[in-house]
Structures are given as structure tokens and as C-alpha cells.
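In: Quick one: sequence plus predicted model below, questions after.
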Amino acid sequence: MDILIVIALCIIGILLILVEIFLIPGLTLTAVAGTLFSIGGIYWAFHKLGTAAGIITLLSVVALTGIAFIYLIKSKALNRIALKTNIDSTVASKDLPDISEGDEGITISRLNPIGKVRVNNITMEAKTLDGFIDENLSVRVIKVTPTQLIVTSNESEII
């Protein structure tokens, strides 16, 4: 009966560790439970079956975990759940050619230091380098990047 307990604990532990590695991202309760089940099986073997059986169990658990890990990596078993989508889109706005350095606009929201501005009737995210700028104030574009505008205030009211 003790051998069945050792085998069951070790197999459950190995399965939980493999599930953690291949299916559940991050360190979760599954990894902790798998480790505890494996250690419990090894401890049970040392305590109930003797030192020789404990060493054999320890080496078996390590070897079986390694073999199962290598088998799962080399086999195509996980291809059905693997992400294979290629992302070829960008975040660049099609409106960027309509905005250039030196253009003037107005803040839609407070820039602290990032917010929304409207330049040439185009609303975009903007960043200021010289403090916070309240909404409904005039700004001037000093740099255009693919994802946002860098602006400075045209007015003296910079917070």
C-alpha cells in the first residue's frame, strides 16, 4: 500500500508541475502543489520504505519530470493550444502626415504630462515636456512621433 501512495503522490506532483510549466503562466498554486506532492511522495518513500527506496524514488521523480518535459517540448502535442498569430499591424496613425512641427492646436484634456490635444482638427495623444498644461489652452507641436505628439504651451499659464 505504501508503494501505491508513493507512486500516486509522485505522479500527481509531476503532472501538476508539467501543467504549471506548459499551461498556466506564472508561479501559481499549481506549481506549489506539484512540488509539495512530489516532495511528499519522496518523503513517504524515505520514511516508510527505507533509504534505498527513497533514493530510487527521488531519482525516478527527477528523471520522469525531465523526460516528460523534453517529450512535451519535442512533440507537437501543444501546437493545438499555442499562439501562432503574426501581428503585422502598427499603431501609427494615418493622420500623422497632416500634422507637422510648428502646427498649433488646443488641449482637449489636461496634459499632466500626457493628455489629448486637437491639432488641425485631429485629436491625438500628446505629451508636454515643460510641466502640466490645463485644458482649452493653446499649444504648439515641437515633435511628431508615430504614437503621440510632443507639445509646448503657447500661453504663460503652465502649472
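Out: Sure thing, it's come through.
In: Who are the packing partners of the lengthiest helix in the chain?
Out: Once the chain is assigned using DSSP state H, the helix that runs over the most residues is helix 51-74. Other helices and strands packing on helix 51-74, by 3 or more CB pairs under 8 Å, 6 or more residues apart in numbering; DSSP states H and E, are helix 2-22, helix 29-44. Backbone N, C-alpha and C define where each C-beta goes, glycine included.
In: Not counting sequence-adjacent ones, nearest residue to residue 101?
Out: What sits nearest to residue 101 in space, not counting adjacent residues and going by CB to CB, 6 or more residues apart in numbering, is residue 141, at 5.6 Å.
In: Confirm that neighbour sits in a strand?
Out: Yes. When the secondary structure is assigned by DSSP: H, G, I helix; E, B strand; the rest coil, residue 141 falls within a strand.
In: so it makes contact with residue 99?
Out: Yes. Residue 141 lies in contact with residue 99 (CB atoms under 8 Å); the separation is 6.3 Å.
In: In terms of neighbours, single out the busier of these two.
Out: Ranked by neighbour count (other CB atoms under 10 Å), residue 141 and residue 99 place residue 141 first, with 21 against 18.
In: so the more buried one bridges to which residues?
Out: Counting by DSSP bridges, residue 141 is bridged to residue 151.
In: List the contacts of it.
Out: When contacts are counted by CB atoms under 8 Å, 6 or more residues apart in numbering, residue 141 is found next to 99, 100, 101, 102, 103, 104, 105, 119, 149, 150, 151.
In: Among these, which lie within helices?
Out: Counting by DSSP H, those place none of their members in helices.
In: Separate out the buried members of those.
Out: A residue is treated as buried here by neighbour count (16 or more other CB atoms under 10 Å); on that basis the buried members of the contacts of residue 141 are 99, 103, 105, 119, 149, 151.
In: For stretch 103-113, measure first residue to last.
Out: Using CA to CA, to the nearest Å, the end-to-end distance of stretch 103-113 comes out at 19 Å.
In: about what we covered before: farthest pair in the contacts of residue 141?
Out: Within the contacts of residue 141, 104 and 150 form the most distant pair, 13.8 Å apart (CB to CB).
In: Quick check on the residue nearest to residue 112 when sequence neighbours are not counted: phi, psi?
Out: Nearest in space to residue 112, with sequence neighbours left out and distances taken as CB to CB, 6+ apart, is residue 132 at 4.3 Å. For residue 132, the backbone dihedrals (degrees, to the nearest 10) come out as phi -90, psi 140.
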